[in-house]
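*Asks:* Fold the following and give me the result.
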Amino acid sequence: MFKRLSPIVAVGLLSGCTLTNGATYHQETLDAISHSEANIANKVQNLELQMSNQSDYIESLEDEITTLSSQLNAHLTRIEHKVIEEQEEEEPEVVVADPVTPTLQPTILGGIEKVSIDSIKQSFDARVDTGATTSSLNAVDIKEFERNGKNWVKFHLDDQAEAEKEQKWIEAPVIRYVKIRQSTNDQTERRAVIELWVKVGKIHEKAQFTLADRSQMSHPVLLGREFIKDIALVDVSKTYVQTEAK
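*Replies:* Reported below is the predicted structural model:
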């Protein structure tokens, strides 16, 4: 009887050992998985922290760039305004210039005179203004072009007082460009400066003119103090002293 039970007991003992070993292995596997998951979670947390720090750093750099850009734009705007103000700064003078020769009587100009432009042989009313540095023309239909490798411009001189007269094209090389700030806003416009031979009475000179918008002014031509410097004095209480009103 005992001999018959011995194999059964042996098999039972072996089965018990096998179950014990299997349970132990299963627990070790679960522990390993749990440990691996903990490591992965820790690494993910570290990566998220690093990404958060990098995001904060990038955001701080963007804020710094925005601040520097605003400061730079403000600085450039101040410089541009200063340059424009220096170009357009004008100081009125009662007497523009002394006579070239003390022994000679200076030429007297009235506040308004007729100015003749050689290239088109036409005369226009001109305001003589000692408060303006440069002379200017009320130029319309302005067209820029190139001739012999140089910048040229052609235009019509708009004179509302003589609208019936046939307008002639005036052509001249561009000497330089200036920026003019509009009185109604802070915007600036680039205007060409040209040279023309003009005549006022006995005065026959080459003068520089800015092609400006004088449509709101009473006269199409403005003669500034650069034109009359050293050659004439101005009596603003009189008009057409050297020329005849027509």
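*Asks:* Give the other helices and strands that whichever helix in the chain runs longest contacts.
*Replies:* Ranked by number of residues, the top helix in the chain under DSSP state H is helix 2-88. Judged by 3 or more Cβ pairs under 8 Å, 6 or more residues apart in numbering; DSSP states H and E, the packing partners of helix 2-88 are strand 170-181. In short, each C-beta sits where N, CA and C put it, glycine included.
*Asks:* The strand it packs on packs against which elements?
*Replies:* Checking 3+ Cβ pairs under 8 Å, 6+ apart, strand 170-181 ends up next to helix 2-88, strand 135-147, strand 150-157, strand 188-200, strand 203-212.
*Asks:* quick check: mean pLDDT across the shortest one?
*Replies:* Here strand 150-157 scores 94 as its mean pLDDT.
*Asks:* The fourth one too?
*Replies:* Mean pLDDT, strand 188-200: 92.
*Asks:* Distance check, residue 112 against residue 128.
*Replies:* 7 Å (Cβ to Cβ, to the nearest Å).
*Asks:* Of those two, which one has the most company?
*Replies:* residue 128 (29 against 19; other Cβ atoms under 10 Å).
*Asks:* Next up, the contacts around the more buried one.
*Replies:* Contacts of residue 128 were listed using Cβ atoms under 8 Å, 6 or more residues apart in numbering, and they are 109, 110, 111, 112, 113, 223, 228, 234, 236.
*Asks:* at 7 Å instead, please
*Replies:* Applying Cβ atoms under 7 Å, 6 or more residues apart in numbering, we find residue 128 in contact with 109, 110, 111, 112, 113, 223, 228, 234.
*Asks:* Do me a favour and get the backbone dihedrals for residue 118.
*Replies:* Backbone torsions for residue 118, taken as degrees, to the nearest 10, come to phi -60, psi -40.
*Asks:* Buried ones among the contacts of residue 128?
*Replies:* Among those, those buried by neighbour count (16 or more other Cβ atoms under 10 Å) are 109, 110, 111, 112, 113, 223, 228, 234.
*Asks:* Lowest-confidence entry in those residues?
*Replies:* residue 228 (88).
*Asks:* And that one, how close does it get to residue 191?
*Replies:* In this view, residue 228 and residue 191 are 21 Å apart by Cβ to Cβ.
*Asks:* that older thread, show me which pair in the contacts of residue 128 is furthest apart.
*Replies:* 112 and 228 (13.5 Å; Cβ to Cβ).
*Asks:* Which helix or strand in this protein has the lowest average pLDDT?
*Replies:* When the helices and strands of the chain are compared on mean pLDDT, DSSP states H and E, helix 2-88 comes out lowest with a mean of 76.
*Asks:* Am I right that residue 226 sits in a strand?
*Replies:* No - secondary structure assignment (DSSP: H, G, I helix; E, B strand; the rest coil) places residue 226 in helix, not in a strand.
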